[in-house]
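Chemist: Make a model of this:
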Amino acid sequence: MIPMFILQGQGFSHALTQRGGDNNALFLNPAKLMNKTKEEEINILNSAVALDKKSFDFLKSLNSASSNQELSKLLNKNIANNLNFSASNFSSFYQNKENWAYSIGLASVTKGYFITHSGFGSKRAMESRIDTYQALVTTVAFKEKNFSYGLNIKVLQKRETLHNYSLNEMIKNNSISDYFNNEYSQTESAIGVDMGLLYEVPQDTLHSQLSLGFLNIGDSSFKELEKLESSTTIGFSIKPKKTKIQVDYIEDNLRVDISKKIFNNTLELHTGINYKALSLGLNYQLSFFNIGLYTYKTTLYNQPSKRKYELSMALKW
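Modeler: You can find the predicted model right below:
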């Protein structure tokens with residue numbers, strides 16, 4: 001059997017919020033929608049791809065391999081390596097008034113791994129698991145004095161493609177996309193609810209905020225495929241001298257993000273700590289486009305943390 005523990009412990013929100021900062025913060029606390037400052041915004045595209053160099057090289061070679069010899073060489077080179085990746089997008093529309101805000105968005109997350117073997121035994125030539133989530137997300141938030149309250153309602157669909165491939169099966173695949181959706185895929189739906197609370201310290205020159213989020217209240221079950229267990233996130237942030245310092249405790253992980261905008265707010269620099277390792281990043285804003293580069297460590301359930309490199313691109317109106 002394929003070890004099912006490898007992707008457990010990383011819920012739907014994980015890939016959407018991994019880079020830290022304010023990126024898609026409403027998935028950790030829907031009350032943070034009140035932090036947005038524009039009257040209205042259409043987030044046409046906000047996509048990111050994260051993987052390590054070894055996984056990138058493997059996926060590129062797997063996509064182009066066209067013979068038994070090429071595949072055998074590739075598999076032998078990567079025997080027992082956990083070759084994992086994630087990709088995400090969140091397109092949304094929101095309005096933010098003085099005391100209330102709402103957002104409607106479409107989110108998609110794809111996470112997966114490949115582990116290669118010698119080709120003998122029950123594990124065959126390559127273990128594979130790819131999880132694809134799609135969600136319609138509606139968020140409402142209200143502000144009363146120094147408190148903000150938020151609610152997410154998520155209509156989720158998950159497709160899981162789980163299989164151990166033989167070398168002959170792999171030869172029949174024309175491209176990497178054939179591993180994502182095939183006869184071994186299963187699809188199920190679920191409903192998820194998040195709630196959040198945000199407190200702004202009054203008359204504070206540091207603009208201090210305390211946050212508390214409750215995710216997947218009552219669990220979000222996909223019946224046979226998975227259960228997204230309920231969890232709690234807590235955090236705080238301050239803004240001394242146009243520098244934002246944000247600390248979050250998420251899924252037994254303390255994450256610190258320090259960001260500062262320079263060059264007339266066109267370039268945003270990030271540094272911090274994630275899974276007890278240094279994280280770095282930058283965002284460059286050019287008109288309606290935003291391009292980001294990040295590096296951080298992440299972990300799979302009960303596995304050593306790995307350094308990822310993330311490229312993100314956003315198009316906003």
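
Chemist: List the contacts of stretch 178-189.
Modeler: 110, 112, 114, 128, 130, 132, 155-163, 165, 173, 222-225 (Cβ atoms under 8 Å, 6 or more residues apart in numbering). (Glycine included, C-beta is placed from N, CA and C.)

Chemist: if I look at residue 12, how far off is residue 229?
Modeler: To residue 229, residue 12 is 11 Å away according to Cβ to Cβ, to the nearest Å.

Chemist: Now that residue 24 has come up, it's in contact with residue 15, right?
Modeler: No: shown here, residue 24 and residue 15 do not form a contact pair, counting by Cβ atoms under 8 Å, at 9.4 Å.

Chemist: Settle it for me: which of these two has more neighbours?
Modeler: Between residue 24 and residue 15, residue 15 has the larger neighbour count (other Cβ atoms under 10 Å), namely 27 against 23.

Chemist: For the more buried one, report the pLDDT, please.
Modeler: For residue 15, the model assigns a pLDDT of 80.

Chemist: mind listing what it touches?
Modeler: So residue 15 contacts 48, 50, 86-88, 109, 111 (Cβ under 8 Å, 6+ apart).

Chemist: Tell me the buried residues in stretch 112-120?
Modeler: Within stretch 112-120, the residues that qualify as buried are 112-117, 119, counting by 16 or more other Cβ atoms under 10 Å.

Chemist: likewise stretch 204-223?
Modeler: Buried-residue list, stretch 204-223, by 16+ other Cβ under 10 Å: 208-209, 211, 213-216, 220-222.

Chemist: what's the first-to-last distance across it?
Modeler: 47 Å (Cα to Cα, to the nearest Å).

Chemist: now that stretch: mean pLDDT?
Modeler: Per-residue pLDDT values over stretch 204-223 give a mean of 89.

Chemist: Stretch 103-119 now?
Modeler: For stretch 103-119, the per-residue pLDDT averages 91.

Chemist: how far does that stretch sit from the chain's center?
Modeler: 10 Å (Cα atoms, centre = their mean, to the nearest Å).

Chemist: pull the longest helix from the protein.
Modeler: Counting by DSSP state H, the longest helix found in the chain is helix 53-64.

Chemist: So what touches the helix or strand following it?
Modeler: Next along the chain after helix 53-64, taking DSSP states H and E as the criterion, comes helix 68-77. With contacts defined as Cβ under 8 Å, 6+ apart, helix 68-77 is touched by 58, 61-62, 65, 116-119, 125-126, 167, 170-171.

Chemist: can I get these in JSON lines with distance to residue 36?
Modeler: Shown next, in JSON lines, are those (distance: Cβ to Cβ, whole Å):
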{"residue": "58", "distance to residue 36": "38"}
{"residue": "61", "distance to residue 36": "42"}
{"residue": "62", "distance to residue 36": "40"}
{"residue": "65", "distance to residue 36": "45"}
{"residue": "116", "distance to residue 36": "44"}
{"residue": "117", "distance to residue 36": "48"}
{"residue": "118", "distance to residue 36": "52"}
{"residue": "119", "distance to residue 36": "52"}
{"residue": "125", "distance to residue 36": "48"}
{"residue": "126", "distance to residue 36": "43"}
{"residue": "167", "distance to residue 36": "51"}
{"residue": "170", "distance to residue 36": "46"}
{"residue": "171", "distance to residue 36": "50"}
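
Chemist: Just the buried ones among the contacts of stretch 178-189, please.
Modeler: 110, 112, 114, 128, 130, 132, 156, 158-163, 165, 173, 222.

Chemist: Lovely, talk soon.
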